[in-house]
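Participant: A predicted structure for the sequence below; I have some questions about it.
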Amino acid sequence: MTEAVVSVTGLRKAYGTTVAVADVGFDVRAGEIFGILGPNGAGKTTTVESIAGLRTPDAGTIRVHGLDPVRDRAELTRLVGVQLQESKLQPKITVAEALELWSAFYADPIPSGELASRLGLADLLQQQFRTLSGGQQQRLSIALALVGRPKVVILDELTTGLDPRARREVWGLVRDVRDTGVTVLLVTHSMEEAQALCDRVAIISGGRVRALDTPDGLVSRAASATVTSFRASTTVDLEALRKIDGVASVRTDSGVITVEGAEDSALEVLSSLAAQGVSPSKLRVVEGSLDTAYLDLTADHVLETT
Amino acid sequence: MTSTAAHTSDGAQRASATSAVIRAEARLFTRELASLFWIVLFPVTLLLVLGLIPGFRDADPALGGRRVIDLYGPVVILVSMIMAGLMAMPAVVWAYRDAGILRRLRTTPVKPESLIGAQVLLHAAAVLASTLLVLIVGQLVLDTSLPQSWIGYAVAYVLVLVASFSLGSVVTALAPNARVGTTLGTIAFFASMFTAGVYYPVDGMSGTLRDTVELTPLGAATQAMNAAMVGDFPDPRHLLVVGAWALVLSLLSARFFRWE
């Protein structure tokens, strides 16, 4: 039985008349990378900022290792490392000075040298923050979130603005962090990132959790878990395909027919084609991506947020 | 807590964290050469340049036998205070706020107040260095006197220092962003330069203008420091004006300051 390290129930937060978070609840298990995925303005950042103790919820309960982030702020700061969205450092502070400064905040910090080499900062120690590339700044930011040996780290929009190579490097680091037993709470609006990194994902939209599952689980649950595409030499009865159980959509685009549907829909499509006497060419059956699942799960709620 | 190191008292941990913040910010301050120039070197340079004007070095019966240059000693010290309080420090605080440094510190065991506190301390130290430089160089080169009433001087000095920094802090708090803030700060800076007597010594002003200027924090401070220079304890009216400004402005800045 894995216990919940972070537990959120009935969280609600409004800024004036704007409801940022309507009703969010989830449990994060020890040692997992838990993703919070959703479009901009969905309430992701407000949710994690409430967990970090930066915001006071209007309603709901948050517990982090049994602590209330508002009431037990001081103790919480020793357990939780936070990398905030678009957070920078003093422009002229060097990497070494930043590591040394943040080490002084905690009773038992990870030695700076060890942390620097783990995060690939060893060659940059004398460089000032403003001269670092986006990826280097982000690695330093992660290092500072880890220096106090936290049990939980919150990483908000970690790879926004990084090039694909730097992104992959940062992903590798996050996996390493998880492998040392730290629970990771990752906020992202990138499907690719959630699919690559997360053990479980909560999809948040319009201030509510719309789905919570493993990335694979979310994909197979979605209406477009399987995408079948082919060319046909003769006319195909598209209506017949649409009537198949589990088929979500059928479309034709310059001779290529694409059928999106539930996991077992491909076989049904093929037997329907056989019954029509159509022999498909260039047949492809691929797994739907988290992208399509995400669009499925968040599409209905766009209106609700306005 | 499981870790043994965590048993060291929280107070000791906090003290070492605070001193680490001050050390780090001090090192960063030494890299701000422009700020250091304007706060520490510019005031004494200004005094020396004014000392080159021949008439300024002659005793003036209208000023009770003092020379114009004698009046400028307190004035250039006030210039260093408003340079620090209105120009240099707000820029740092905006940069820290906009970059999210203050917000991020709130997620650590250290409070963002310690960072602001370190900045106040360092800028005040720079003003103090500037003051000593003005007093020493002034005496050696221009034969200006040292304060004759040290206590009166110190009281006026501390009050006007608090008032200048609080004024800067109010501007920092009220400006929606750094651009508007810089404009507001610059306006307040030039107004303060005038009331401090940079363009024309307050003692040389007359009538309503002088009465009005003496109701401003810098104008009253100039007069109080001038009195202390020649050995009188400052007029309580002047100290009261500076003190009231210091109190009101620091309360306002505490009320309106935003961390993010």
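Facilitator: Looks like it came in fine.
Participant: how many residues are close by residue 168?
Facilitator: All of this is about chain A. 14 (other C-beta atoms under 10 Å in any protein chain shown). C-beta: built from backbone N, CA, C; applies to glycine.
Participant: oops, wrong one, chain B.
Facilitator: With other C-beta under 10 Å as criterion, residue B:168 counts 31.
Participant: just the pLDDT at the residue in chain B that chain A sits nearest to, thanks.
Facilitator: Nearest to chain A, among the residues of chain B, is residue B:20, at 3.3 Å (C-beta to the nearest C-beta). If you check residue B:20, the pLDDT there is 94.
Participant: for my notes, confirm it occurs in a helix.
Facilitator: Yes - counting by DSSP: H, G, I helix; E, B strand; the rest coil, residue B:20 is found in a helix.
Participant: could you list the low-pLDDT ranges of the chain?
Facilitator: Went with chain A since none was named. A:1-2, A:223, A:299-306 (pLDDT under 70).
Participant: let me rephrase: I mean chain B.
Facilitator: For chain B, applying pLDDT under 70 flags the ranges B:1-8.
Participant: quick one, what contacts whichever residue of chain A sits closest to chain B?
Facilitator: Scanning chain A for the residue nearest chain B gives residue A:104, at 3.3 Å (criterion: C-beta to the nearest C-beta). Residues in contact with residue A:104 (C-beta atoms under 8 Å, 6 or more residues apart in numbering or on different chains) are B:16, B:17, B:19, B:20, B:21.
Participant: let's see 10 Å
Facilitator: Residues near residue A:104 by C-beta atoms under 10 Å, 6 or more residues apart in numbering or on different chains: A:147, B:13, B:16, B:17, B:18, B:19, B:20, B:21, B:23, B:24, B:109, B:110.
Participant: same question, residue A:23
Facilitator: Residue A:23 touches A:9, A:10, A:11, A:12, A:43, A:59, A:60, A:207, A:208, A:209, counting by C-beta under 10 Å, 6+ apart.
Participant: show me these that map onto strands.
Facilitator: Mapping the contacts of residue A:23 onto strands (DSSP state E) picks out A:9, A:10, A:11, A:12, A:59, A:60, A:208, A:209.
Participant: re the thing from before, between the contacts of residue A:104, which sits nearest residue A:239?
Facilitator: Each of the contacts of residue A:104 was checked against residue A:239 using C-beta to C-beta; the closest is residue A:147, at 62.2 Å.
Participant: does that closest one touch residue A:115 like I think?
Facilitator: Yes - between residue A:147 and residue A:115 there is a contact at 6.1 Å, judged by C-beta atoms under 10 Å.
Participant: and the stretch 151-260 of chain B, which of its residues are near chain A?
Facilitator: Within the stretch 151-260 of chain B, the positions adjacent to chain A are B:259, B:260 by C-beta under 10 Å from any C-beta of the partner chain.
Participant: quick one: the helices in the stretch 151-260 of chain B, in order.
Facilitator: Secondary structure of the stretch 151-260 of chain B, counting by DSSP state H, counting those that start in this stretch: helices at B:178-196, B:207-213, B:217-229, B:236-256.
Participant: Throw those helices into TSV and include mean neighbour count, thanks.
Facilitator: TSV is the format used below for the helices of the stretch 151-260 of chain B (neighbours: other C-beta atoms under 10 Å in any protein chain shown):
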stretch	mean neighbour count
helix B:178-196	18
helix B:207-213	12
helix B:217-229	27
helix B:236-256	17
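Participant: can you tell me the closest non-neighbouring residue to residue A:116?
Facilitator: Spatially, and ignoring its direct neighbours in sequence, residue A:116 is nearest to residue A:122 (4.8 Å; C-beta to C-beta, 6 or more residues apart in numbering or on different chains).
Participant: need phi/psi at residue A:106.
Facilitator: Note on residue A:106: backbone dihedrals following degrees, to the nearest 10 are phi -120, psi 150.
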